[in-house]
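Q: Test case, fold it:
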Amino acid sequence: MKRQLGFTLVELLVVIAIIGVLIALLLPAVQQAREAARRMQCSNNLKQLSLSFHNYHDTYGKFMPGGLHANVTYPLGWVPRLFPFFEQGARYDAMDALYSSYMMNRSPYRSHDQTNPIFGPVPSLSCPSSPLGDTASDHPITAYFPDTQIQGALHYRANAGSFDVDFHAPGDSSRDGYVSSGVVYPESKVRFGDIIDGTTNTILLGESSSTKGWTTSRAQSFGGIKPWVWGFYRYNATDWLMIDHKMVQFPINYSGSFTNNNTPFTSYHPGGAMFANCDGSVVFLPETISLDTFKSLATRKNGEVNSGL
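A: Numbering: from 1, shown residues only. Got it, this is the predicted structure:
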C-alpha cells in the first residue's frame, strides 16, 4: 500500500508553538499601533478645541470665564460656548430652543432636561484611550444623580492656573480655594495680550481621562471626571466650585489625595498626558516633568522661562 503523507504530532506541535511565538511578538506591536492612533485622535481633539477657543476670542475679544453669575445653580461652563465654533452650532441652537438663554437659566446636570440627547456625547470631548467611554463619567449612578452615565463625557479641562500663584483662600473652610493665574477661572476675562509668559508656554487645556488609583469617595465628589454639562458652582462672592476647569497643584497622573478644584491632570496614554497650549499647539507632557515646571506652564504672567518642552 502507498503510504499517506502528512504531519506527525510532533511536527504539528512545533508549528503551533512557532505560530504562538509569532503572535506573542506581533501583539505588542499591534497594541502600540492602536495606542498611537488613539493618541493621535486625542491630539486632534485638543487641536480642534484650542482652535475653537481662538475663534471664540476673535469673536468676543477674550476667552470665556470659568464661572460667572448665572440665574441657576450648577450652570453649564465653557464647553457649550464653543459649540458654534466647532460644528456643533445645531446643538447650541437646540439648547436655546428648549429655553431662552439656556446656559444662564438651566442646569441639565441636575435639574433640567437631564436625559435629552442634546446633552449626550459630543465628538472631540472624549479620549479614545479612556475606558470611561464617550458617555460614562466616574460618578456612580445614585438616586440623586441618576443620569451620570447618559450625559456626554468631558476628558479635557481648562487651565485655571497654578496653586502657588494668585490663590484665593475660601471664605468657608469646608470649601476649596481657587486660583486666577491661568486662562479660564471664576470671573476670568483673559485676552491674548494678558498672556505675558507667551502663548506657546502657557497651557490652555489639559487631559483628565483616567481614574487609575482614585478612590470611590473622590469619584463621587466634584473632583472626579464629570460630563460636559457640569460647569461650575458659585457659592458666594468668594467661594467657587471649579468643575470643567482645574488648578495645577499635583504632578501628571497623580493618584494621591486631592479635593474638588485641584483634580490632577491624567490619562491612559503611557507615560503622560496630552495638553493644548494657548497658541493652539498640542504637546504630550511626560508624567516625569518637574512639578515646578508644570506649574509654571499653568501661569500666564508669572515670568517663568520654559524651554525645550
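Q: in the stretch 151-300 of the chain, which spans are strands?
A: 156-162, 167-168, 178-179, 203-207, 232-234, 240-242, 245-248, 272-277, 282-286 (DSSP state E, counting those that start in this stretch).
Q: CSV please, covering these and showing mean neighbour count and distance to residue 111.
A: For the C-beta atoms, the positions are set from N, CA and C on the backbone; glycine is no exception. As requested, these are arranged in CSV below (neighbours: other Cβ atoms under 10 Å; distance: least, Cβ to Cβ, whole Å):
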stretch, mean neighbour count, distance to residue 111
strand 156-162, 27, 23
strand 167-168, 15, 28
strand 178-179, 28, 24
strand 203-207, 27, 27
strand 232-234, 22, 13
strand 240-242, 24, 16
strand 245-248, 29, 21
strand 272-277, 24, 31
strand 282-286, 17, 35
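Q: Can you convert these into a markdown table and add a column each for mean pLDDT and distance to residue 73?
A: Listed next are these as a markdown table, based on pLDDT from 0 to 100; distance: least, Cβ to Cβ, whole Å:
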| stretch | mean pLDDT | distance to residue 73 |
| --- | --- | --- |
| strand 156-162 | 97 | 20 |
| strand 167-168 | 96 | 21 |
| strand 178-179 | 96 | 17 |
| strand 203-207 | 97 | 25 |
| strand 232-234 | 93 | 6 |
| strand 240-242 | 95 | 10 |
| strand 245-248 | 97 | 18 |
| strand 272-277 | 97 | 29 |
| strand 282-286 | 96 | 34 |
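Q: Let's have these in TSV, adding distance to residue 130.
A: Formatted as TSV, the strands of the stretch 151-300 of the chain follow (distance: least, Cβ to Cβ, whole Å):
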stretch	distance to residue 130
strand 156-162	11
strand 167-168	30
strand 178-179	26
strand 203-207	9
strand 232-234	23
strand 240-242	21
strand 245-248	17
strand 272-277	11
strand 282-286	15
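Q: Name the stretch from the ones you listed that approaches residue 120 most closely.
A: strand 156-162 (17.1 Å; Cβ to Cβ).
Q: So which elements touch that closest one?
A: helix 9-60, strand 178-179, strand 203-207, strand 245-248, helix 291-298 (3 or more Cβ pairs under 8 Å, 6 or more residues apart in numbering; DSSP states H and E).
Q: Can you lay out those as CSV showing distance to residue 121?
A: Below are these laid out as CSV (distance: least, Cβ to Cβ, whole Å):
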stretch, distance to residue 121
helix 9-60, 12
strand 178-179, 29
strand 203-207, 17
strand 245-248, 21
helix 291-298, 28
